[in-house]
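**Student:** pasting the structure only:
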């Protein structure tokens, strides 16, 4: 009779094979431990009526190692890669039908079937950057092993460095107008952009914020200025941060639009009411910088709805003011003031006005309260201001810097006048 003895633990129970072998007067039984631990097979010789004489101990071969082969030798976080566990071609590896991949002591996915002596791990693109330790746990089929003496399987630990993924943190282009605050503009959403997130991630995986800075200030002249990106306050566990500068462009702008009558003027930039001045002399457009308008379609224009121009344009490219003068003061008009992008006179030709300019300019002489029709209510408005000693530039119809009965008299003959349709 033959039996198997675990040399480290003689009392342990090992499974027997389903059949034995007869060699002369000796019956040999080969067994395998499900855990594939090292053991020796001792052949026993049966003599006479039950006398057992030990035969020579049959040693097993040296341990055989499972080979772990990464598909990418130096993977980067987010890169698609796997590890192949290659089992020995002979010996007890035949009892292994699955392996469990383990990364840093944590099982990854379900056990993987062994096919043609190999098992491929699940995708490892989600492994965090840093030094990772990968191993496998062989799982046998539960069947006994028959054949040559079993091998002891040793599972190595594959130590591999997962590099951080490159992440570009860039400053996107920013355009502002003269005298705007660059710091405010750079603090808006969308100024900082990212390129290189993997695994479906976004800026929420970062700790801290990137900051965009520039040397430009609100008093800087028109021109182009670098935007630097500061990532010193950003922590990115799996990303290598690479910065990319951007560009801030300061464009000229229309600073003001003014109405002038007699010796007085008032800003009407963005005004949404009628101009009531019977003695209106001019509409002025004030630029931040000297401008030129090579295209006639870009030139400042004050026009009626039918495209007919009103007023005489006086514009010196060396200056910063375009003036529409009236030989005769308009009394009731619906006009549009428009200015194209134009070009700066003495600098980069691409530093145009940031946007085209359009503003309605409605004129109705005597319409003090701005309701689009001259009525007794306008006279009452002036009467109340005179009584209270109040001031209102839209009630100073003659432009003498005071609200008096003279202004009231300029309304009398215009009662019932309306804006044209």
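**Tutor:** Sure thing, it's come through. These numbers were taken from a predicted model, which means no experiment stands behind them.

**Student:** so who does residue 273 touch?
**Tutor:** For residue 273, the contact set (CB atoms under 8 Å, 6 or more residues apart in numbering) comprises 362, 370, 394. (Glycine included, C-beta is placed from N, CA and C.)

**Student:** assign a three-state SS to the first one, would you?
**Tutor:** Going by DSSP: H, G, I helix; E, B strand; the rest coil, the secondary structure assigned to residue 362 is strand.

**Student:** OK, contacts around it?
**Tutor:** 273, 274, 275, 333, 334, 335, 372, 419.

**Student:** look at residue 253 and report its pLDDT.
**Tutor:** Per-residue confidence (pLDDT) for residue 253: 95.

**Student:** contacts only, for it.
**Tutor:** 177, 178, 179, 180, 287, 288, 353, 354.

**Student:** quick check, pLDDT for the third one.
**Tutor:** Residue 179 carries a pLDDT value of 96.

**Student:** spatially nearest residue to it (excluding sequence neighbours)?
**Tutor:** In this structure, residue 179 finds its nearest non-sequential neighbour in residue 218, 5.7 Å apart by CB to CB, 6 or more residues apart in numbering.

**Student:** so the one you found lies in a helix, does it not?
**Tutor:** No - counting by three-state DSSP, one finds residue 218 to be coil, located in no helix.

**Student:** so what's it up against?
**Tutor:** Applying CB under 8 Å, 6+ apart, the residues near residue 218 are 179, 180, 181, 182.

**Student:** now, which of the residues you listed sits nearest residue 108?
**Tutor:** Proximity of the contacts of residue 218 to residue 108 was ranked by CB to CB; the top entry is residue 182 with 49.4 Å.

**Student:** residue 183 should be in a helix, yeah?
**Tutor:** Yes - applying three-state DSSP, one finds residue 183 inside a helix.

**Student:** list the contacts of residue 176.
**Tutor:** The neighbours of residue 176, taking CB under 8 Å, 6+ apart as the test, are 182, 185, 248, 249, 250, 251, 354.

**Student:** quick check, pLDDT for the third one.
**Tutor:** The per-residue pLDDT reported for residue 248 equals 97.

**Student:** show me what it is bridged to.
**Tutor:** residue 174, residue 225 (DSSP bridges).

**Student:** tell me the buried residues within the contacts of residue 218.
**Tutor:** Buried members of the contacts of residue 218, scored by 16 or more other CB atoms under 10 Å, are 180, 182.

**Student:** can I get the contacts of residue 218 in CSV including distance to residue 267?
**Tutor:** As requested, the contacts of residue 218 are exported to CSV (distance: CB to CB, whole Å):
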residue, distance to residue 267
179, 15
180, 18
181, 21
182, 25
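
**Student:** can you tell me which of the contacts of residue 218 is nearest residue 279?
**Tutor:** Nearest member of these to residue 279, counting by CB to CB, is residue 179, at 32.2 Å.

**Student:** in this structure the closest one contacts residue 220, no?
**Tutor:** No - contact between residue 179 and residue 220 fails when scored by CB atoms under 8 Å: they sit 9.1 Å apart.

**Student:** for this structure, what helix or strand is lowest in average pLDDT?
**Tutor:** strand 26-28 (a mean of 25; mean pLDDT, DSSP states H and E).

**Student:** how near is the residue lying closest to residue 319 once chain neighbours are set aside to residue 316?
**Tutor:** Among residues not flanking residue 319 along the chain, residue 290 sits closest, at 6.4 Å (CB to CB, 6+ apart). Using CB to CB, to the nearest Å, residue 290 is found at 8 Å from residue 316.
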